[in-house]
Every structure is written in C-alpha cells, then in structure tokens.
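> How does the following fold in three dimensions:
(one chain, ligands or ions: 2)
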Amino acid sequence: MLIDTHCHLDPQTYGGPDGVDAAVARAQAAGVTRLVHIACSPDPAAYARAAELARRHPGVRFTAGVHPHDAKEWTDEVADAIRAAAADPAMVAVGEMGLDFHYDLSNRDVQRAVLRVQIALARELNKPIVIHDRESDGETLRILDEERAFDVPVLYHCFTGDRAHMAEIVARGGYISIPGIVTFKTATEMQAVAAVVPDDRLLVETDSPYLTPIPFRGKKNEPAYVRLVAERVAAIRGISVEELGEKVMANAERLFGG
Ligand SMILES: [Zn+2]
Ligand SMILES: [Zn+2]
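Ligands and ions are numbered 1, 2, ... in the order given. Model (predicted):
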C-alpha cells in the first residue's frame, strides 16, 4: 500500500473530471490507496473542486493554499476561502506555499510576504504546512523559523536541497518528500538525500502532472507512478518496497492526522 503525498489532479490537465477519476482508479489498481491532491490556486473554486474530489474518493485528501508563482494574486478573500476549506476533515494541510526564485513569477517581496501570511494561517488553523522551495538559498527555512512554522508539522515537498539542508529541516521536526527526479541518472545528490532521511521523516510523491519518473519520462505524470519513486528509494535504502510503503504511510498519517 502506497500514498502519493503530493499531486495536482486538476481537471484541465487530465481531460475533465472523468479523466481525474480515471487517474485515481489507475492509482488504486497500482496499490496507491491514498493520495493528497494539492489545490494551490488563488481561485477558491479550486478548493471546492478538491473537496468534491475527496468526497468521490475515500482515499483522497487535499490541501488549500497559494503557490509562490501566484503570490501576487493573494487577497483577504483567498485567506477566508482557505479557512472555509479547512472545515472539511479531508483538508489536511495549507499549501503549497514558499519561495520560487527560479521562475520568479511573482515579485520576491510579494512571495516572502505571502509565505509569512500563509504560515500564520496554518498556525491559526493548526494545520500542517506544505513547502515549495526552489533556489531560495535557505531563505525559506529562515522565514519558517522567524514565523515559528515548526509549531505545526512542516513538509518540504519535491526536496531538491543537499544533505546538510535536509538535516537542518529534520532537526526542526520537518518531513522530506522525494519526487520522481530521484529516478533520473543525474540526480546523485537527491539519491544521497534519499539514502539518509531518517525513517520517520521520509515521504514520496509524484508532483503529477510534472516530473514523470523513469521509464515514463516525457509522458504526463500521475499518482500510480509513485510506485516507481518508492521502488527507487527502497532500492537506495536496501529495503523492500513494501517496507518503504509501510513507513511512508505511517509518516503520512502522523503528519496529516490520518
Ligand atoms: Zn511545488
Ligand atoms: Zn506541487
């Protein structure tokens, strides 16, 4: 049994709601019994669609938040929509939120401010935080510290940092999620990270529809392929994929609260 802790099952990407349902069914057929759909959008309709998806599929949980790419779209109304979404027990975290200095699709000061306000919101709601950190050179972690984000569980999704940065996050109680990049031959530092993340801090994800693992690279990613990520990480750690799946499921339940 496996969980995909981070995927974006948006209908426009999968050919409508039926296409999303088909992707969930393929995941279940592959033993991926649980998945966390990341509804990161400044459009509150995305949170309502996510709640609807979770109602249709008992194994689906969802988050609500605003991606750093869209930080410029943040408003008080969006904050209220996240609060409203959090009343649903299937809403398990706020995010993904963070800093993306690779694409810089929102002004950096706006990204910083919207990260701070979403950390405060997660603390107010007592919900875990899903972090997206791309090329912020440690600034994301500094802001998390300043805002006391680690008072709630913190998950770094698609972790692309090195072992030293991983250790800093883990020392604060944070979780590390390994994506399909770990299957790429060139991803040697990520493979080194995947070898040493403590057993009780490790998660795996697809980040569907992006970052499709080998051997499906070039195709659209989907939650069923988290098995390929899990197989690679299990091989790196010298354990069976079943054992890895059990650990990851236990970690996800502790982090997200079941
Ligand atoms: Zn991300
Ligand atoms: Zn994502």
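> can you give me the helices for the stretch 1-150 of the chain?
Ranges of helices in the stretch 1-150 of the chain, per DSSP state H, counting those that start in this stretch, are 17-29, 45-56, 76-85, 108-125, 139-146.
> residues near the residue in the stretch 51-200 of the chain positioned nearest to ligand 1, how many?
Of all residues in the stretch 51-200 of the chain, His132 sits closest to ligand 1, at 3.4 Å by CB to the ion. Any C-beta I mention is one placed from the backbone N, CA and C, and that applies to glycine too. By other CB atoms under 10 Å, 24 other residues sit near His132.
> So which residues of the stretch 151-258 of the chain form strands?
Counting by DSSP state E, counting those that start in this stretch, the stretch 151-258 of the chain has these strands, from start to end: 154-156, 175-178, 202-204.
> Each with direction, which strands does the longest one pair with?
According to DSSP bridges, strand 175-178 has the following sheet partners: strand 154-156 (parallel), strand 202-204 (parallel).
> right, is it up against ligand 2?
No - against ligand 2, strand 175-178 shows no contacts by CB under 5 Å from the ion, the least distance being 10.0 Å.
> With only the CA atoms kept, save that strand in CSV.
Provided in CSV are the C-alpha atoms of strand 175-178 (Å, rounded to 0.1, in the frame of the first residue of the first chain):
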residue,chain,number,x,y,z
TYR,A,175,9.4,16.0,6.8
ILE,A,176,11.2,15.4,3.4
SER,A,177,9.3,14.3,0.3
ILE,A,178,11.3,12.7,-2.5
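> coming back round to it: dump the helices of the stretch 1-150 of the chain to CSV, plus distance to ligand 2, mean pLDDT and mean neighbour count.
As requested, the helices of the stretch 1-150 of the chain are exported to CSV (distance: least, CB to the ion, whole Å; pLDDT from 0 to 100; neighbours: other CB atoms under 10 Å):
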stretch, distance to ligand 2, mean pLDDT, mean neighbour count
helix 17-29, 15, 97, 17
helix 45-56, 13, 97, 18
helix 76-85, 16, 98, 16
helix 108-125, 15, 98, 19
helix 139-146, 15, 98, 18
